[in-house]
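> With the input below, show me the fold.
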Amino acid sequence: MKIAILGAGAWGTALAIALAPRHHVWLWARDAAQITLMSTRRENSRYLADCPFPEALQVTSDFNTAVASTELLILATPLAGLRPLLEQLRQATSAPRRFLWLCKGLEAMTGKLPHQVVTDVLNHVADATDTTSTSSWGALTGPSFAFEVARGLPTALTLAATDMTFATDIAHALHGGNLRIYANDDLIGAEVGGAVKNVMAIAAGVNDGLGLGQNARAALLTRGLVEMTRFGTALGARRETFTGLTGLGDLILTCTGNLSRNRRVGLLLAEGQNLAAIQNTLGHVAEGVFTAREVARRAAAIGIDMPITTAVAGLLDGRMSPGETVQQLMSRDARTE
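Numbering: from 1, shown residues only. Below you'll find the predicted structure:
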């Protein structure tokens, strides 16, 4: 299968490395200088150093070359870049209509999930719970650090789409090597899990940075899963999705792994560092920073109680210190579970 991966950050590059031995893969980036460097060094030293490219992997900064005659597009931009990339695709007559996105979160200012952004731009069916409609797009998501995927370590992902035939066909095509791909038709659930887990990872980083212990971390993950499920089911997701790879699986990895950018944000906030400085030094996008505010705002609008998310949003906005955030959560009234 000819696959074009649009976006040469860490995750797009890692997936290109993993798929290139079994597919005809093009990796595209806007930055011609970056592409020249990658082509010369045969690695993405900016985002994924010491992960050599397979011989068959091709790189380009020419958009039309990347998408021409492609059977599947994989959109590997951060969520903030999804809308402009879709606009570019809409103008490209040669672009295929089958594509996946890798980004996680809720769009800043609109609070929309990625599939809703796709709907806005490409005028697809707006309701992801409408199983009578078909679509040739979906989300590839789940517990995955880019560096481990690029290194060929075993990884399991979910391909979620409203059209189960499309999800199954593409999952089978991508499945192989050290990638296990599971098809799922709960697109909302998969997207909500991928969004909320990043918020919880910031909270987990604060917990670890303040030295609050493993008891507190276990409670945080458990109650975070409750918030994720509560929010997702209110938006139309299935409850059982949140005990799978895109819910509990991604939550555990992002909240405990040392490669987690969002957990790193929490760790540095606990040290007293400034959020803007943290973002500048990360070198990668930490989606939870933007997502926390949008999830908190959208949850409040539909009457969903999400105290951890609300506390993280308050911390990121500078309304509370890390210590005050913990105090606020611990001073809540006793409740039944």
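> where along the stretch 151-300 of the chain do the strands fall?
Ranges of strands within the stretch 151-300 of the chain are 155-160, 179-184, based on DSSP state E, counting those that start in this stretch.
> for these, which one ends up most surrounded?
Comparing the strands of the stretch 151-300 of the chain by mean neighbour count (mean count of other Cβ atoms under 10 Å), strand 155-160 comes out on top with a mean of 24. The C-beta positions use only the backbone N, C-alpha and C, and glycine is treated the same way.
> in this structure, which helix has the most residues?
helix 187-209 (DSSP state H).
> coming back round to it: rebuild the strands of the stretch 151-300 of the chain as CSV, extending it with distance to residue 116 and mean pLDDT.
Shown next, in CSV, are these (distance: least, Cβ to Cβ, whole Å; pLDDT from 0 to 100):
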stretch, distance to residue 116, mean pLDDT
strand 155-160, 14, 98
strand 179-184, 18, 98
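> Reformat these as a markdown table; add distance to residue 299.
Converted to a markdown table, the strands of the stretch 151-300 of the chain look like this (distance: least, Cβ to Cβ, whole Å):
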| stretch | distance to residue 299 |
| --- | --- |
| strand 155-160 | 21 |
| strand 179-184 | 23 |
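> Out of those, which gets nearest to residue 24?
Residue 24 lies closest to strand 179-184 among the strands of the stretch 151-300 of the chain, at 16.8 Å (Cβ to Cβ).
> Check what contacts stretch 235-251 and list those residues.
113, 128-129, 141-143, 156-158, 160, 182, 184, 186, 188-190, 192-194, 196-197, 200, 221, 224-225, 228-229, 232-233 (Cβ atoms under 8 Å, 6 or more residues apart in numbering).
> Output the below-cut-off pLDDT ranges for the stretch 101-250 of the chain.
124-135 (pLDDT under 70).
> still on that earlier bit, which among the contacts of stretch 235-251 end up buried?
Of the members of the contacts of stretch 235-251, the ones counted as buried by neighbours, 16 or more other Cβ atoms under 10 Å, are 113, 128, 141-143, 157-158, 160, 182, 184, 186, 188-190, 192-194, 196-197, 200, 221, 224-225, 228-229, 232-233.
> Give me the residue at the spatial middle of the chain.
For the chain, the residue nearest the mean C-alpha position is residue 104 (2.9 Å; Cα atoms, centre = their mean).
> Tell me if it really is in a strand.
No - Residue 104 is assigned coil when assessed by DSSP: H, G, I helix; E, B strand; the rest coil, not a strand.
> ok, back up a step: of the strands of the stretch 151-300 of the chain, which is nearest residue 26?
Here strand 179-184 is closest among these (Cβ to Cβ), at 18.5 Å.
> Surely residue 288 is in contact with residue 201?
Yes - between residue 288 and residue 201 there is a contact at 5.9 Å, judged by Cβ atoms under 8 Å.
> shared neighbours, those two?
By Cβ under 8 Å, 6+ apart, the residues touching both residue 288 and residue 201 are residue 262.
> got the buried residues for stretch 274-284?
In stretch 274-284, counting by 16+ other Cβ under 10 Å, buried: 275, 278, 279.
> Looking at those residues, which one is closest to residue 13?
The nearest one, if we look at these relative to residue 13 and count by Cβ to Cβ, is residue 279, at 20.9 Å.
> about what we covered before: okay if I get the buried residues of stretch 274-284 as CSV plus distance to residue 16 and pLDDT?
Converted to CSV, the buried residues of stretch 274-284 look like this (distance: Cβ to Cβ, whole Å; pLDDT from 0 to 100):
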residue, distance to residue 16, pLDDT
275, 31, 94
278, 28, 94
279, 26, 90
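> So which of the residues you listed belong to helices?
Per DSSP H, the subset of these in helices is 275, 278, 279.
> I'd like the distance between the nearest residue to the first one once chain neighbours are set aside and residue 273.
Pointing back at residue 275 there. Leaving out its chain neighbours, the residue that sits closest to residue 275 by Cβ to Cβ, 6 or more residues apart in numbering is residue 316, at 6.2 Å. Noted for residue 316: a distance of 13 Å to residue 273, by Cβ to Cβ, to the nearest Å.
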